[in-house]
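Q: what follows is a predicted protein model with its sequence.
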Amino acid sequence: MKKIGVIVGREWSWPPAFIDEVNKRGAGVEAEYAKLGGTRMNEPCPYAVIVDRISHEVPYYRSYLKNAMLQGAHVINNPFMWTADDKFFGASLADRIGVASPRTVVLPNKEYVPGIIHNESLRNLEYPLNWQSLVESVGGFPVILKDAHGGGWKQVHVCRSLEDLWNAYNQSGLLTMVLQEFITWDAYVRCMCLGQRDVLVKRYDPNTRQYLPTDGLGQDLLDRIVADSLKLVRALGYDMNTIEWAVRGGVPYAIDFMNPAPDMDVNSTGYDYHRWCVEKMADLCIELAQSDTPPVSETRWNKLF
């Protein structure tokens, strides 16, 4: 019997519901929580599919998953792409494939690891930065300053002056930050994208973190959001991701699309959204487990170079 392994952190509603959904279907595929305890080089992987929800915070899991792909397992999401991804690359990729995205600049770090001597190790960097020019390049104040590798709305700052920007930047420590155009939106949308084919569109209030009905968006806008969401996840190769769109003047701007361990908890998404995630992920994972197709062997965006 083919097996699906689930790697999780502190989430309690989606994982057991997903495991139950897979196991009750009687498809010759069994789902369980993966058990890991030190991995030998080139060790065979017992799972045909692994769903990864936490390796971005547990480095050993990421190493395990890379070996699992070497052994022929399908890993959701691809750990090699997830390791390489960042919000600045994503902004450039969106622009390259014709998806509207806020103007974005990546900044040198504020601080560095021990051993970096500023006047010796950083001779390629201009100092001081031309902050006014950087701000103007993204459309002027207000601007967004955020972690290039972050998620969960951590280290996201709305800056309305140079003083605000410097204060936020000076707190960033070892993080690499991006400076981004502030989109004053008419509507805000979050899409769950699964299997690079299924997209669930919901209006979303980023201030209260609540999902709302999609009333009032209009079919043309909904169709464009779905099409652009599929463009992004197919270019990135993510089978599990959320994409956030800020709609301004009828144009959806891709605000955030590096969410490869998206929230599926029933308490924050609501029951219908949660069940959609459970059932669509079960469809995808069973299909992959039963497939003889090997896991992706290269990134999807290599053709852009």
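A: Sure, I can see it.
Q: what about the helices in this structure?
A: 14-24, 59-70, 79-84, 87-96, 118-121, 131-137, 162-170, 219-236, 266-269, 271-290 (DSSP state H).
Q: tell me what the fourth one is packed against?
A: Using 3 or more CB pairs under 8 Å, 6 or more residues apart in numbering; DSSP states H and E as the contact criterion, the neighbours of helix 87-96 among helices and strands are strand 104-106, strand 177-181, helix 219-236. C-beta coordinates here come from the backbone N, C-alpha and C atoms, glycine included.
Q: can I get that helix in CSV, CA atoms only?
A: C-alpha atoms of helix 87-96 as CSV (Å, rounded to 0.1, in the frame of the first residue of the first chain):
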residue,chain,number,x,y,z
LYS,A,87,9.9,37.9,-1.9
PHE,A,88,12.2,39.9,-4.1
PHE,A,89,12.7,37.1,-6.5
GLY,A,90,9.0,36.6,-6.5
ALA,A,91,8.3,40.2,-7.4
SER,A,92,10.8,40.0,-10.3
LEU,A,93,9.2,36.7,-11.5
ALA,A,94,5.7,38.2,-11.4
ASP,A,95,6.8,41.1,-13.4
ARG,A,96,8.6,38.8,-15.9
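Q: pretty sure residue 141 sits against residue 159.
A: Yes: counting by CB atoms under 8 Å, residue 159 is a contact partner of residue 141 at 7.0 Å.
Q: neighbour count for these two, which is higher?
A: residue 159 (20 against 15; other CB atoms under 10 Å).
Q: care to break the chain down by domain?
A: Per automatic domain parsing, the structural domains of the chain span 2-82, 103-181, 184-270.
Q: quick one: closest of the ones you listed to residue 294.
A: domain 2-82 (6.1 Å; CB to CB).
Q: any idea how far apart the tips of that closest one sit?
A: 25 Å (CA to CA, to the nearest Å).
Q: could you shift the numbering so residue one becomes 381, and keep it that way?
A: Will do, 381 is the new start, and the previous item becomes domain 382-462.
Q: please compute how far that domain lies from its chain's middle.
A: With CA atoms, centre = their mean, to the nearest Å as the basis, domain 382-462 stands 18 Å off its chain's centre.
Q: ditto for stretch 619-626
A: Taking mean C-alpha positions (CA atoms, centre = their mean), stretch 619-626 and its chain are 7 Å apart.
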